[in-house]
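Asker: sequence and predicted structure are below.
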Amino acid sequence: MEAVWSSMRVARRLGSSDCVVRRCWNQWIREVSFTRITGSGRPRQTSRLEERYIVSDESRFNLSSDDNHVRLWRPRAERLNPAFALQRHATPAAGVMIWGAIAYNTRLPLVLIRGTKTAQRYVHDILQPVVLPLMQRLQGAIFQQDNVQPLTAMVSQDCVGTVTTLPWPA
């Protein structure tokens with residue numbers, strides 16, 4: 001192999017065999033490209049049905065550090081026992097909520113959710129502008145969402161009424 005690393009070192013780094021690395025390198029030298037041989041490598045890990053799933057989720061990211069204002073709640077009888085203390089922050093932390101979705105061969109743009117995630121906001125900010133156009137483009141796609149309250153509300157269910165959804169829990 002050219003360069004500093006040997007094919008053995010590359011193989012160890014990739015967790016592959018030396019002959020696979022040499023075969024790829026030789027094909028690259030011959031054709032100045034690399035294509036995978038049909039039927040080679042690891043077997044498929046997804047079924048054709050699973051490739052149709054569009055999975056969504058949201059996460060909250062805190063933007064401020066801990067303000068060190070902590071309240072302790074203990075049962076009266078265990079007032080002095082630290083093992084029974086429950087801690088929570090006394091002030092709300094600044095943060096953002098991000099929604100995203102992925103499919104087998106595509107991903108949707110991340111959506112910034114401002115304020116509280118309500119069913120109305122979910123429909124107007126996520127379902128109508130992002131999810132429904134993708135579902136129309138991907139024939140036979142199945143949309144999977146969790147059962148949090150804004151997603152199970154009637155306004156959300158009416159919006160996704162034309163879309164095939166995967167029942168939760170899957």
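Answerer: Received the coordinates, thanks. Numbering: from 1, shown residues only.
Asker: going along the chain, name the helices of this structure.
Answerer: Defined through DSSP state H, the helices belonging to the chain, from first to last, are 7-14, 18-31, 119-121, 132-137, 149-152, 154-159.
Asker: quick one, which of these gets closest to residue 49.
Answerer: Nearest to residue 49 among the helices of the chain is helix 132-137; the distance by Cβ to Cβ comes to 16.1 Å. C-beta here means a position set from N, CA and C on the backbone, and glycine is covered the same way.
Asker: could I get the buried residue list for the closest one?
Answerer: 132, 134-135 (16 or more other Cβ atoms under 10 Å).
Asker: check stretch 132-152 too.
Answerer: Neighbour counts using 16+ other Cβ under 10 Å place 132, 134-135, 138, 141-143, 145, 150-151 of stretch 132-152 among the buried residues.
Asker: pull the most distant pair out of the residues you listed.
Answerer: The two members of the buried residues of stretch 132-152 with the most space between them (Cβ to Cβ) are 138 and 150, at 23.5 Å.
Asker: if I look at the residue located most distally from the centre of the chain, how far off is residue 83?
Answerer: Computed with Cα atoms, centre = their mean, the residue of the chain farthest from its C-alpha average is residue 77, at 43.9 Å. When Cβ to Cβ, to the nearest Å is applied, the distance between residue 77 and residue 83 equals 13 Å.
Asker: how about residue 124?
Answerer: Taken as Cβ to Cβ, the span from residue 124 to residue 83 is 47 Å.
Asker: higher neighbour count, those two?
Answerer: Comparing residue 124 with residue 83 by neighbour count (other Cβ atoms under 10 Å), the higher total belongs to residue 124, at 13 against 6.
Asker: would a markdown table of the helices of the chain with distance to residue 110 and mean pLDDT be doable?
Answerer: Compiled in a markdown table, those are given as follows (distance: least, Cβ to Cβ, whole Å; pLDDT from 0 to 100):
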| stretch | distance to residue 110 | mean pLDDT |
| --- | --- | --- |
| helix 7-14 | 30 | 81 |
| helix 18-31 | 34 | 78 |
| helix 119-121 | 15 | 86 |
| helix 132-137 | 14 | 87 |
| helix 149-152 | 18 | 71 |
| helix 154-159 | 20 | 80 |
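Asker: fine, thanks again, bye for now.
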